[in-house]
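**Q** show me how the following folds:
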Amino acid sequence: MPSSRLISFLAFCLVSSAPFAAVPVPKPPSIDARAFVLIDFQSGRVLAADKPDVQMEPASITKLMTGYAVFRALAEKRLSLTDNVVISEHAWKAEGSRTFAQVGTQIPVEILIKGMTVQSGNDATIALAEKLGGTEDGFVQMMNSYATELGLRNSHFNDSSGLPGPTHYMSAQDIATLSRVLIRDYPEYYKYYSIREFEYGGIKQQNRNGLLARDPTVDGIKTGHTESAGYCLASSAKRGDTRLISVVLGTKGFKAREDASAALLNYGFTFFETVKVKGAGDVVLKPQVYKGEADRVTLVPARDVWATISRGSGGSLTTTATVKEPVIAPIKKGQALGELTISDGKDVIDRVPLVAQGAVPEGAGGRARRTDLALDEVDRWVSRCRSVS
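**A** Numbers count the residues shown, from 1 in each chain. Below is the predicted model of the structure:
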């Protein structure tokens, strides 16, 4: 291979030749809300939206971030479901929805999680925040740090439970993104959001998410309401292999938020489908390796590749793989050497790195030949400098 070809590209296309008849996709349903968004869980594609990035009061949907922090602490073994939490006076005096935890009592973490997710108890939420942050203010700093880490660009928190505040806000898109993370990273704890009712201290309360009763495919997530925020709902449903997440903010009543959410979910499931294009271990390319112990390296996607498309249009999907040449040993396992691009015939849906499935050490004499290759480039550079001078 000539040394002057320092970077070139090898590309190929895989096009399904199967016949297809795409279902015409109408406009999203008319939603009477201040903002909304509908996304696919696997691909993250936005299927419908209105003002998705506008900062708005999230009310008790705030508790999704509190839940994220708690679930992360459980996963990292910094917290246990059986740990007891002492209820402080600050938690006991919490306004709004309550689990009715009594000051000075010790309550296991799992009970408080159910109080937070099912009853939307502000007292249970604050108690968990104090357990992890020392104080609620300390915990709020953790919440804002996590929001930055997760790329929630339109979110900022003043408290753990969702009380109104001038700099306490989230966007519909940020809520959907956070919901997606909760479902993906903490499935063992996401189950709490599907509990229909919970009793503590002799007081039984129903989950405020009425879609759990209306639609058996719905398994979460969280409601929110204050006078200033209106009625809000983040919901998720799974039908077959497809899961959708909808967020509706600022409707005029609890039934309105459920009707709006149901309309969005039904729209998504009716007119779209999600297909797995490639698995993380699927072989895509085996390009030649320059001066390695092996002649070729196997390239696979860095992650599973999903595409959300209009129903029936799977045959229009096109994948294009590119790899930079020359591919020179040594190569590390997981090293990015190319890219897989997925298109629906009109737009690029996703781009995923192609990585080495295994390492390829440098072969005997490879170092000397690589040095020769580099020296060739140095010679050309020196020649150019001499010609300029």
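
**Q** Three-state assignment for residue 70, please.
**A** helix (DSSP: H, G, I helix; E, B strand; the rest coil).

**Q** what number of residues lie near it?
**A** Residue 70 has 25 neighbours, counted by other Cβ atoms under 10 Å. C-beta coordinates here come from the backbone N, C-alpha and C atoms, glycine included.

**Q** I'd say it and residue 133 touch.
**A** No. Using Cβ atoms under 8 Å, residue 70 is not in contact with residue 133, being 10.8 Å away.

**Q** could you tell me the end-to-end distance of stretch 328-346?
**A** 35 Å (Cα to Cα, to the nearest Å).

**Q** go on, stretch 94-108?
**A** For stretch 94-108, the end-to-end distance is 19 Å (Cα to Cα).

**Q** same check on stretch 315-334?
**A** Stretch 315-334 end-to-end distance (Cα to Cα) = 30 Å.

**Q** how far is that stretch from where the chain is centred?
**A** 25 Å (Cα atoms, centre = their mean, to the nearest Å).

**Q** and that stretch, what's buried?
**A** Judged by neighbour count (16 or more other Cβ atoms under 10 Å), stretch 315-334 contains these buried residues: 316-331.

**Q** again with stretch 110-117
**A** 111, 112, 113, 114, 115, 116, 117.

**Q** in strands, which of these appear?
**A** Among the buried residues of stretch 110-117, no member falls in strands (DSSP state E).

**Q** turn those residues into TSV, columns for distance to residue 297.
**A** Output for those, formatted as TSV (distance: Cβ to Cβ, whole Å):
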residue	distance to residue 297
111	53
112	51
113	46
114	50
115	53
116	49
117	47
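
**Q** tell me which entries of those residues lie within helices.
**A** 111, 112, 113, 114, 115, 116, 117 (DSSP state H).

**Q** you'd agree the fifth one is up against residue 200?
**A** Yes. Under the criterion of Cβ under 8 Å, residue 115 lies in contact with residue 200, with a separation of 6.1 Å.

**Q** which element is residue 232 on?
**A** strand 230-239 (DSSP states H and E).

**Q** and that strand, which strands flank it?
**A** Take DSSP bridges as the rule and strand 230-239 pairs in its sheet with strand 218-226 (antiparallel), strand 242-251 (antiparallel).

**Q** I'd like these written out as JSON lines, with distance to residue 288 and mean pLDDT added.
**A** Shown next, in JSON lines, are the strands paired with strand 230-239 (distance: least, Cβ to Cβ, whole Å; pLDDT from 0 to 100):
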{"stretch": "strand 218-226", "distance to residue 288": "48", "mean pLDDT": "97"}
{"stretch": "strand 242-251", "distance to residue 288": "39", "mean pLDDT": "98"}
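
**Q** and of the ones you listed, who's closest to residue 284?
**A** strand 242-251 (24.4 Å; Cβ to Cβ).

**Q** elements contacting the helix or strand just after the closest one?
**A** Downstream of strand 242-251, the next assigned helix or strand under DSSP H and E is helix 254-271. Contacts defined by 3 or more Cβ pairs under 8 Å, 6 or more residues apart in numbering; DSSP states H and E place helix 254-271 against strand 35-40, strand 46-50, helix 211-214, strand 218-226, strand 230-239, strand 242-251.

**Q** ok, and what's touching helix 254-271?
**A** 23, 25-26, 28-29, 31-33, 36, 38, 40, 47-48, 208, 210-211, 214-215, 218, 223, 225, 231-233, 235, 237, 239, 242, 244, 246, 248, 251, 310-311 (Cβ atoms under 8 Å, 6 or more residues apart in numbering).

**Q** quick one: buried residues of that helix?
**A** Result for helix 254-271 [16+ other Cβ under 10 Å]: buried residues 256-269, 271.

**Q** what does stretch 270-281 give?
**A** 271, 272, 273, 274, 275, 277, 278.

**Q** stretch 234-252 now?
**A** Quick answer for stretch 234-252 (16+ other Cβ under 10 Å): 234-237, 242-251.

**Q** these: which two are farthest apart?
**A** 242 and 250 (27.1 Å).

**Q** contacting residues around the closest residue to residue 28 other than its chain neighbours?
**A** With Cβ to Cβ, 6 or more residues apart in numbering as the criterion, residue 28 has its nearest non-adjacent residue at 3.5 Å, and that residue is residue 48. By Cβ under 8 Å, 6+ apart, the residues touching residue 48 are 28, 29, 36, 37, 38, 264, 267, 268.

**Q** quick one: the helices in the protein?
**A** Along the chain, the segments classed as helices by DSSP H run 63-75, 89-92, 109-117, 122-133, 136-149, 172-185, 187-190, 211-214, 254-271, 366-388.
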